[in-house]
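K.L.:
Show me how the following folds:
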Amino acid sequence: YQRRVHGETDIWIQLSQIVSYRLMLQLIWGSAMNIYTPKISNNGVNWLLDSTEGPSRIRRRLLLSFHPTLASALSLVPESSLFPQGVGSCKTYDEFELYLHPPIPINDQKVIFNVNCGMVSPLGKNDGELIIGYTAIFFHPTATSNTESEPRRSSSGSVDYDSKIKLQKNRRREESAHSFCIPLDKIKTVLKRRYLLRNVAFEIFIDGGRTLLFAFNSFDDREKAFTKLHHPNHPQHNSDTLKKTTEKWRDGEISNFEYLMYLNTVSGRSFNDLTQYPVFPHIIRDYQSSVLDFENPTTFRDLSKPMGCQTPHRWERFKNNFEMLKSQYIESNTDEDGVNKKGFRRAGDHLNQPPFHYGSHYSTRVSVLYYLIRLQPFTDYFLDLNGMALDMPDRTFHSCLNSWLLSSEKSNSDVKELIPEFFYLPEFLINSNKVKFGNLQNESGSIVDDVELPPWAEASARTFVTIQRAALECEYVSSHLHEWIDLIFGYKQTGPEAEAAGNLFHPFTYEGGVDIDAITDAIDREAALTQINYYGQTPAQLFVKSHPKRHVENIYRKKNKNSRVLGGPSPLESDLFGTKVDMRMLMAESVQQGPWWNALLDKY
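P.N.:
A predicted model of the protein is given here:
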């Protein structure tokens with residue numbers, strides 16, 4: 001291996017710096033986050049967020065990747081100085097690759113059921129065939145027609161730019177479209193899902209922290225495959241388990257973070273689908289003070305109102321827009337030729353659409369990539385989505401204060417909430433891959449690099465994330481979190497209650513807002529799917545009544561011995577998420593211990 005890198009020793013220095021941190025992070029997720037991340041210089045090596053999930057479905061393991069990326073093909077990151085030409089294709093270790101070459105020959109399997117479907121990833125849907133055998137399942141993607149192995153060159157010998165980009169995109173898609181085998185005893189649970197607002201998908205949770213999302217051609221296909229895979233011993237997620245989990249949260253047996261992640265999971269949110277990415281609330285509104293006061297209500301956003309209603313003047317603007325659309329809708333539907341029109345509404349036929357407050361959504365694939373743009377593979381996902389170009393520097397996520405002001409006050413359309421990474425993953429705020437975002441168009445013309453943090457974070461991404469998590473678990477937020485749950489997962493999601501709360505979004509974001517299967521015209525159908533892809537999708541409604549309030553008196557003042565206000569993974573993990581949790585994780589040192597955490601407690 002040393003001969004392959006021609007005597008280069010920088011990589012060994014870097015690996016020695018991270019071994020005590022990153023290798024421990026693979027095994028002991030909780031205590032490893034109590035130490036500082038070593039400062040690693042970038043020489044064209046990419047830090048890649050691994051999709052393996054730990055306790056509470058947290059994804060915080062970063063891997064060194066030497067794969068060529070779209071960002072490198074576009075010269076948006078530094079060239080690697082560690083590896084000579086031809087050695088930059090070393091594969092990153094991935095536990096899931098153990099399954100890629102089927103350990104169980106498919107010829108030895110008696111096929112129980114097979115069906116055409118697609119495996120959904122952030123890059124899109126890879127069509128193929130799912131085969132269910134007696135002891136394993138197999139997925140075989142549809143063969144690709146790409147035959148190019150090297151980019152084309154001009155007569156002068158230079159590499160054709162468009163060919164280079166196309167080849168890298170094809171390689172990226174081929175990497176996510178491989179055949180694999182999963183032994184049935186590795187499947188922990190299977191949950192039904194929606195895909196593009198159709199009930200045609202399910203997600204498989206695998207022992208070890210991986211998930212796979214499959215979308216089928218029809219509801220019947222999904223039900224047949226689900227029946228073959230679902231086992232009585234799999235954790236059940238129904239109204240009874242939802243009620244029991246809510247009671248555990250009310251009594252403080254699980255944290256706010258764990259409960260929100262559980263609600264995201266059972267409502268159909270998935271890391272595999274950027275249009276249904278888990279959604280978390282904005283908590284803090286004070287991004288200018290040097291010290292935060294958790295006992296001062298003005299520190300926090302109003303959790304009883306959506307982001308579009310955080311300031312009176314902004315709410316008045318959205319309300320007036322809603323009233324205008326409402327009057328147009330009533331007028332259109334009382335017309336002699338347009339009474340009670342049903343079926344698909346064309347994109348330009350806005351007069352026949354139910355009125356809404358916001359034309360955008362609080363969670364879309366664009367908003368997810370906006371936050372995660374600095375971290376691979378999301379940098380490449382954004383480039384693929386945005387026509388192989390980064391956004392303008394001023395529209396890039398460059399400042400926490402600026403992002404909050406856009407979502408809560410200044411923008412005429414931005415109402416996005418947060419993503420789970422704000423509460424556990426400081427690395428997404430750091431431009432460790434040295435992506436060239438450009439300069440801001442202001443007087444300073446400063447370079448967009450790491451995200452500009454508020455003063456109370458003391459220029460530390462880890463401190464920022466820790467305080468965000470502490471704020472999420474504090475008494476004030478616990479007293480009001482049920483109000484936000486009513487908006488996102490509850491009875492204020494749709495109908496008159498949503499209208500009164502200023503919480504109505506474009507009809508194409510709701511299940512039932514458009515019947516895709518009823519659209520016969522191919523152009524209309526494609527237009528509807530495109531709109532769903534870009535508008536975002538509202539989670540499945542979990543509660544039809546007001547969500548009960550948490551018992552903060554018992555948790556914070558009487559110090560219930562079972563309460564878990566700040567800790568790491570709880571013993572309830574396997575019950576909540578149906579995934580295996582290593583006992584070493586449960587025994588790990590909790591986040592509130594150690595001089596680093598005590599120093600924060602003393603200050604805040």
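
K.L.:
show me where pLDDT drops low in this structure?
P.N.:
1-45, 66-68, 73-75, 78-109, 143-177, 334-352, 558-604 (pLDDT under 70).

K.L.:
Tell me where the stretch 101-250 of the chain has helices.
P.N.:
Ranges of helices within the stretch 101-250 of the chain are 161-175, 219-229, 239-250, based on DSSP state H, counting those that start in this stretch.

K.L.:
so what does the second one touch, helix or strand wise?
P.N.:
Under the contact criterion of 3 or more C-beta pairs under 8 Å, 6 or more residues apart in numbering; DSSP states H and E, helix 219-229 touches strand 113-121, strand 124-132, strand 187-195, strand 198-206, strand 210-216. For the C-beta atoms, the positions are set from N, CA and C on the backbone; glycine is no exception.

K.L.:
quick one: residue 402 and residue 312, what's the gap?
P.N.:
From residue 402 over to residue 312 the distance is 21 Å, taken as C-beta to C-beta, to the nearest Å.

K.L.:
whoops, I mixed them up, residue 553
P.N.:
Per C-beta to C-beta, residue 553 is found 32 Å from residue 312.

K.L.:
So which of these two has more stuff around it?
P.N.:
Between residue 553 and residue 312, residue 553 has the larger neighbour count (other C-beta atoms under 10 Å), namely 11 against 8.

K.L.:
Can you classify that one by secondary structure?
P.N.:
helix (DSSP: H, G, I helix; E, B strand; the rest coil).

K.L.:
Check the one 3 residues further on too.
P.N.:
Assigned by three-state DSSP, the conformation of residue 556 is helix.

K.L.:
So it is in contact with residue 477, correct?
P.N.:
No - if you go by C-beta atoms under 8 Å, residue 556 and residue 477 don't touch, sitting 11.2 Å apart.

K.L.:
quick one: which of those two has more around it?
P.N.:
Set residue 556 next to residue 477 and count neighbours by other C-beta under 10 Å: residue 477 wins out with 23 against 19.

K.L.:
what about that one, which SS state?
P.N.:
Taking three-state DSSP, the label given to residue 477 is helix.

K.L.:
In this structure it contacts residue 283, no?
P.N.:
Yes - applying C-beta under 8 Å, one finds residue 477 in contact with residue 283, separated by 6.0 Å.

K.L.:
list residues touching both of those two?
P.N.:
By the contact definition C-beta atoms under 8 Å, 6 or more residues apart in numbering, residue 477 and residue 283 are jointly contacted by 300, 471.

K.L.:
For residue 376, see how far away residue 214 is.
P.N.:
According to C-beta to C-beta, residue 214 and residue 376 sit 25 Å apart.

K.L.:
Same drill for these two, tell me which one is more crowded.
P.N.:
Between residue 214 and residue 376, residue 214 has the larger neighbour count (other C-beta under 10 Å), namely 28 against 23.

K.L.:
Relative to residue 234, how far out is the more buried one?
P.N.:
According to C-beta to C-beta, residue 214 and residue 234 sit 16 Å apart.

K.L.:
same question, residue 275
P.N.:
In terms of C-beta to C-beta, residue 275 sits 26 Å off from residue 234.

K.L.:
With neighbour numbers in mind, choose between those two.
P.N.:
Ranked by neighbour count (other C-beta under 10 Å), residue 275 and residue 234 place residue 275 first, with 25 against 15.

K.L.:
which SS class is that one?
P.N.:
Here residue 275 takes the helix state, with states given by three-state DSSP.

K.L.:
Would you agree it is in contact with residue 532?
P.N.:
Yes - here residue 275 reaches residue 532: they are 7.3 Å apart, a contact under C-beta under 8 Å.

K.L.:
Mind listing the shared neighbours of those two?
P.N.:
Listed as contacting both residue 275 and residue 532 by C-beta under 8 Å, 6+ apart are residue 196.

K.L.:
What residues of stretch 207-224 count as buried?
P.N.:
Neighbour counts over stretch 207-224 (16 or more other C-beta atoms under 10 Å) mark 208-216, 221-222 as buried.

K.L.:
Adding distance to residue 62, write those out as JSON lines.
P.N.:
JSON lines is the format used below for the buried residues of stretch 207-224 (distance: C-beta to C-beta, whole Å):
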{"residue": "208", "distance to residue 62": "17"}
{"residue": "209", "distance to residue 62": "15"}
{"residue": "210", "distance to residue 62": "16"}
{"residue": "211", "distance to residue 62": "19"}
{"residue": "212", "distance to residue 62": "22"}
{"residue": "213", "distance to residue 62": "23"}
{"residue": "214", "distance to residue 62": "27"}
{"residue": "215", "distance to residue 62": "29"}
{"residue": "216", "distance to residue 62": "33"}
{"residue": "221", "distance to residue 62": "37"}
{"residue": "222", "distance to residue 62": "34"}
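
K.L.:
out of the residues you listed, who's nearest residue 251?
P.N.:
Nearest to residue 251, judged by C-beta to C-beta, of those is residue 209 at 27.5 Å.

K.L.:
Okay, the closest one and residue 56: tell me how far apart.
P.N.:
Separation of residue 209 from residue 56 (C-beta to C-beta) stands at 11 Å.

K.L.:
Help me confirm that residue 513 comes into contact with residue 198.
P.N.:
No - between residue 513 and residue 198 there is no contact, the gap being 11.7 Å when judged by C-beta under 8 Å.

K.L.:
Between its first and last residues, how far does stretch 526-546 reach?
P.N.:
Between the opening and closing residues of stretch 526-546 we find a distance of 37 Å, counting by C-alpha to C-alpha, to the nearest Å.

K.L.:
wait, I meant stretch 359-367
P.N.:
14 Å.

K.L.:
Need the residues that contact that stretch.
P.N.:
In this structure, residues lying in contact with stretch 359-367 by C-beta under 8 Å, 6+ apart are 122, 274-277, 279, 306-307, 385, 413-417, 488, 505-506, 509, 533-538.

K.L.:
List the buried residues in that stretch.
P.N.:
For stretch 359-367, using 16+ other C-beta under 10 Å, the buried residues are 360-367.

K.L.:
Report the buried residues of stretch 537-547.
P.N.:
The neighbour-count check on stretch 537-547 (16+ other C-beta under 10 Å) flags 537-543, 547 as buried.

K.L.:
which residues are contacting it?
P.N.:
With C-beta under 8 Å, 6+ apart as the test, stretch 537-547 has contacts from 194, 196-197, 242, 246, 263-264, 266-269, 275-276, 279, 361, 363, 482-483, 485-486, 488-491, 493-494, 505, 509-511.
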